[in-house]
Every structure is written in C-alpha cells, then in structure tokens.
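Trainee: predicted coordinates and the sequence they were generated for:
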Amino acid sequence: MIVKQQIKQGLGYLALHTPLRMFTVPFRGALIFTGHRVLPLSQLQGYYDPGTVIAAEFWPKWLDTMQDVFEFIALDELQASLNARSVSGAGFLKYKKQLAVMTFDDGWWDTVDYAWPPLKARNIPLTLFLTTGLVNTQQLFWWQAIFDLANHDESHAQQWLSQWLISQGMNVERLDKLKLLPWTKRISQLPNDLSPEQLIELANAIAAQLPNHRHTLSWSQVEALSKEGVVMGSHGLNHVSFPALTTDQQINQLNESLVTIKKHTHLVSRYFCYPYGHVCQQLQPILNKCGYHGAVTTKPGWVSQTTDSYFLPRINLHYTMAARPEILGYRLLKLVLRN
C-alpha cells in the first residue's frame, strides 16, 4: 500500500512539475476546483468524511503549489477567457499560465475562519455556492448531522438512527444491511431509501438533539465576505436533489435562491451548483429562463471551449489531495489516459 502511494505521488509530481505537464495540464483548458470545508487538524478527530474536508494546516501550502501551475480567475470570467484563447491564440492574452477557478459549496461556517483568508491573501477569487434556505439558521445538512451525532455519541447515534428509520417505514431487513456498512457508505445509501422531505425531517430531528449547533454562515457573514470580493452563487434552497423535484419546484428553488442572494450580496454569480452533483438534463432551459449562464457538476474533467456551460466539470478537493498536492497531478494524468 505504501509503495503504491509512493508511485502515485511520484507520477503526480512528474505530471505537475516537469515537461510532462504540457500533456497533463493543457493550455487551452481550465480546471474548476471545488471545496467544501477547511478545518484545523484538532477538529478533525473522528471526522467521518475526509472527502469533503481540507486540513487548515495544509491549505496555504497547497494554494502556493497551485499558483506555481495555474492562474486563478473568477468563475464568471472563465467562458470569456476560453473563448478569447480560442479566437486570439495564447500569445496575445494576459494569462501566461493554465487557468483555474476556485469554488466552494454549501456555505459552511468555517469558510470565514479557515477557507477564505488564505485565498484572500493570495488574491485568488472564490465563488461560494450557498444553500440559501439554511443560511442564518440552526438547520443542519442531514449527512453532516448524522456524522455530528455519531461524533458526539456513536452508540446513541446507531440506536437513534435505527429507530428513526423504522419510524419512517424502513423494514428490518434493509436496516440490518445498512448497519453492516461504514458510516460514510451508509449515509450515501439513505437518499435511495428516503424522500427529499424525509431527509430534511431527519436533519431537523438531529438538530433538536444538538442545540446551538450550526453548519452554515449567517447572512451578516455572507455580506462581509461579499464586500471582500467573494462571489455568491446558488446551490438551491435546502440541498435537495433536483431530479427528484417537479418543474415548478425546480423553478421556485432557482428563482428564490437567486433573489435572496441578490438581496444580501454585492457580487452575484449567474452559475448554479447541482446539489449532490445530481445532474438534471432537462434543467438547462429552466436555468436559462431563470437567468443562469451555466452550472457546475461534480464530474471530474477539464473545461474547454466545447464544454457545455450548463454541465461544467470540477475537481474535488479533499484531505489527501491537500496534504499531498502531487495527488492532483496523478488525477490529471489519469484523466489524460482515460481520454
């Protein structure tokens, strides 16, 4: 296992820091990064989902490494920049490096303390996709609420969640199968068993057991970030899967979230972020009608002139990649070989 990891890091280093980079980091493309949370190592003890968190101690160094490779621009500048490269050629443009964009999802409280300051210090633009219905509330994201309950008291969380699922009609056989899975995999299965409304009920039921616990920013914090240059985009109202919604519900989510963002911020992105990365193919004309210029997914890949702006790929940032930047190089190498 250690040897395999060393091979990955070695290949990743070659892909980022040697002439091999001309193949793994195409000049006429761009990367969109997506993060969720940045927390100190001291707060990551027992954290169940390393795929959505970056250690604050690794974050500045990772950004420094990335600025050696990429020039970071704002999301709303991206399409215009790619079009300009296509028409004018690289030699006539101000950008001398490969382009990259930084985005964060959900609107976690730790954005203010840990994610944004290192970005601001390096003049790296940030687009923050807000779940507007949860901002300034004690409502919790259901998946993290389960993690938080388990961190607080795992045996209690096991028992409580089982009883709650039974109260929602889950049969014992299905429950027993879920109990065999680790927490992360178990949680990933719950949207298959519960409706969007039930998932919200689950989060609210856990929130009642965790008083004074919060996940999201306040509107005053959002406004302060906006004044410092953070651009706010929509992640919907309550982080429900859009394919599970009716057309009227989708329109309501898109319109109301955008109106709320405009009310509270100075810089508004016209890009939407699909909750859970659940792409909804028929959503493009609805997004366009609601005033959105594009949307970002969780599918990994490069953005080019031919990429559909309503299905933009992104590269997820997580604990391991931030701790070992070469892992990004390895992922980019895999993308090239796959294509």
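Mentor: Here it is on my side, so go on.

Trainee: over to residue 129: give its phi and psi.
Mentor: Backbone dihedrals for residue 129, given as degrees, to the nearest 10, come out at phi -90, psi 120.

Trainee: partners of it in the sheet?
Mentor: residue 105, residue 233 (DSSP bridges).

Trainee: and it, how many neighbours?
Mentor: Residue 129 is flanked by 27 other residues according to other C-beta atoms under 10 Å. Using the backbone N, CA and C atoms, a C-beta is placed for each residue, glycine as well.

Trainee: now the one 3 residues further on
Mentor: Neighbouring residues of residue 132 were enumerated by other C-beta under 10 Å; the total is 26.

Trainee: wait, isn't it in contact with residue 261?
Mentor: Yes: between residue 132 and residue 261 there is a contact at 6.4 Å, judged by C-beta atoms under 8 Å.

Trainee: contacting residues around the residue nearest the centre of the chain?
Mentor: Centroid-nearest residue in the chain: residue 105, 3.9 Å away (criterion: C-alpha atoms, centre = their mean). Neighbour list for residue 105: 34-36, 129, 235, 273 [criterion: C-beta atoms under 8 Å, 6 or more residues apart in numbering].

Trainee: looking at the residues you listed, spot the one nearest residue 173.
Mentor: Using C-beta to C-beta, residue 36 comes nearest to residue 173 of the contacts of residue 105, at 33.5 Å.

Trainee: quick one: contacts for the nearest residue to that closest one once chain neighbours are set aside?
Mentor: Excluding its sequence neighbours, the residue lying closest to residue 36 (C-beta to C-beta, 6 or more residues apart in numbering) is residue 52, at 4.1 Å. Taking C-beta under 8 Å, 6+ apart, we find residue 52 in contact with 36-37, 318.

Trainee: out of those, which sit inside strands?
Mentor: Cross-referencing these against strands under DSSP state E gives residue 37.

Trainee: any chance of a markdown table for the contacts of residue 52, columns neighbour count?
Mentor: Supplementary listing: the contacts of residue 52 in a markdown table, determined by neighbours: other C-beta atoms under 10 Å:
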| residue | neighbour count |
| --- | --- |
| 36 | 22 |
| 37 | 24 |
| 318 | 17 |
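
Trainee: just the pLDDT for residue 237.
Mentor: At residue 237, the model reports a pLDDT of 96.

Trainee: burial count for it?
Mentor: Neighbour count of residue 237, defined by other C-beta under 10 Å: 19.

Trainee: quick one: it and residue 288, what's the gap?
Mentor: Using C-beta to C-beta, to the nearest Å, one gets 19 Å for the distance from residue 237 to residue 288.

Trainee: likewise for residue 280?
Mentor: Distance, residue 280 to residue 288, using C-beta to C-beta: 13 Å.

Trainee: neighbour count for these two, which is higher?
Mentor: residue 280 (17 against 13).

Trainee: so for stretch 113-126, what gets flagged as buried?
Mentor: Buried positions in stretch 113-126, judged by neighbour count with 16 or more other C-beta atoms under 10 Å: 114-119, 124-126.

Trainee: quick one: contacts for the closest residue to residue 16 other than its chain neighbours?
Mentor: Nearest residue to residue 16, sequence neighbours excluded (C-beta to C-beta, 6+ apart): residue 329, at 3.7 Å. Contact analysis of residue 329 by C-beta under 8 Å, 6+ apart lists 11-17, 24.

Trainee: ok, now with 10 Å
Mentor: Neighbouring residues of residue 329 by C-beta atoms under 10 Å, 6 or more residues apart in numbering: 8-18, 20-21, 24-25, 65, 69, 321.

Trainee: what of residue 213?
Mentor: 138, 140, 145, 148-149, 152, 206-207.

Trainee: extract the C-alpha set from the helix or strand harbouring residue 149 and format it as CSV.
Mentor: Assigned by DSSP states H and E, residue 149 falls within helix 142-152. Coordinates of each C-alpha in helix 142-152 appear next as CSV, following Å, rounded to 0.1, in the frame of the first residue of the first chain:
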residue,chain,number,x,y,z
TRP,A,142,-28.6,15.9,7.0
TRP,A,143,-25.5,13.9,6.2
GLN,A,144,-23.2,16.0,8.4
ALA,A,145,-25.9,16.0,11.1
ILE,A,146,-25.5,12.2,11.3
PHE,A,147,-21.7,12.5,11.4
ASP,A,148,-22.0,15.1,14.2
LEU,A,149,-24.4,12.9,16.2
ALA,A,150,-22.0,9.9,15.8
ASN,A,151,-19.0,12.0,16.8
HIS,A,152,-21.0,13.1,19.9
